[in-house]
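[1] Test case, fold it:
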Amino acid sequence: MESLIEALDAAAQVELAAGNHREAKRSARQARDIARWSKMSYFELRAALTAARAACGEGTGAESLEELEELVRRATELGFRPIAARGLDLIAEIHLKSGDLGAAAHEFTRAADQIKEVLASLGEEDRRTLMHHPDWKGMMGNMLDTLVKVGRRDEALAYLVAFGAASCEITPSPAAVPATSGAL
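    Residues are numbered from 1 along each chain as shown. A predicted model of the protein is given here:
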């Protein structure tokens, strides 16, 4: 069953990368449902996150905010902090795209707090590897950029120190940043 779920989620990721959001959402929801029926919470939450990303790409992301909040709650409750962080990042991106910088900053910092918990459990080499991963660099870049835009520069700098990010390049992901983006 696990292989089927992973194959469906991988197909959804490919479709998502290709810009086929509707097909990505369909495959991810199939993976989510099979995982739910099989009582495989990690795979269910991961596929639900992929489906939510596809819905955002399709333009229906704001409709799924309640579902994302539930996903974050369950992921946190079950100890899947990276999934919770990604869910919070997606919520923040939705707020950012709708122009609500304050709400986006709040959700980005909630995501960053989840990442801090993950980092606290890792050794130095694993921390460095995680912080150089493109997904996490994009997430941190989005948060830092948004915090600066809402006048919370000192908080943004404090996150840089907390994440030891002085040694890697962090930039916002292009999909989440409006054209009027500023730099740190």
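[2] which parts of the host helix or strand of residue 143 are buried?
    Per DSSP states H and E: residue 143 is located in helix 134-149. Buried residues in helix 134-149, counted by 16 or more other CB atoms under 10 Å: 136-149. Glycine gets a C-beta too; all of them are placed from N, C-alpha and C.
[3] And stretch 98-112, by the same measure?
    Going by 16+ other CB under 10 Å, stretch 98-112 has these buried residues: 101, 103-112.
[4] average pLDDT across stretch 159-175?
    Regarding stretch 159-175, the rounded mean pLDDT is 64.
[5] lowest-confidence helix or strand of the chain?
    Ranking every helix and strand in the chain by mean pLDDT, DSSP states H and E puts helix 124-131 at the bottom, with a mean of 84.
[6] How about it, which residues are buried there?
    Quick answer for helix 124-131 (16+ other CB under 10 Å): 127, 130-131.
[7] Which helix runs longest in this structure?
    helix 101-120 (DSSP state H).
[8] helices and strands around that helix, which ones?
    helix 81-97, helix 124-131, helix 134-149, helix 153-162 (3 or more CB pairs under 8 Å, 6 or more residues apart in numbering; DSSP states H and E).
[9] go again using 7 Å as the cut-off
    Packing contacts for helix 101-120, counted by 3 or more CB pairs under 7 Å, 6 or more residues apart in numbering; DSSP states H and E, involve helix 81-97, helix 134-149.
[10] got the angle for the least confident helix or strand of the chain vs helix 101-120?
    Inter-element angle recorded for helix 124-131 and helix 101-120: 150 degrees (by axes from the mean of the first three to the mean of the last three CA atoms, to 10 degrees).
[11] by how many degrees do helix 124-131 and helix 81-97 diverge?
    Going by the same axes, to 10 degrees, helix 124-131 makes 30 degrees with helix 81-97.
[12] ok, residues contacting the helix or strand that contains residue 10?
    Under the criterion of DSSP H and E, residue 10 resides in helix 2-17. Applying CB atoms under 7 Å, 6 or more residues apart in numbering, the contact partners of helix 2-17 are 23-24, 27-28, 30-31, 34-35, 40, 43, 46-47, 50, 53-54, 57.
[13] Okay, now the unreliable bits of this structure?
    By pLDDT under 70, the low-scoring segments of the chain are 60-63, 165-184.
[14] center of it, which residue is that?
    Geometric centre of the chain, nearest residue: residue 86, 2.3 Å, by CA atoms, centre = their mean.
[15] Number of residues surrounding the closest residue to that residue other than its chain neighbours?
    Closest residue to residue 86 apart from its sequence neighbours, by CB to CB, 6 or more residues apart in numbering: residue 49 at 5.7 Å. By the criterion of other CB atoms under 10 Å, residue 49 has 25 neighbours.
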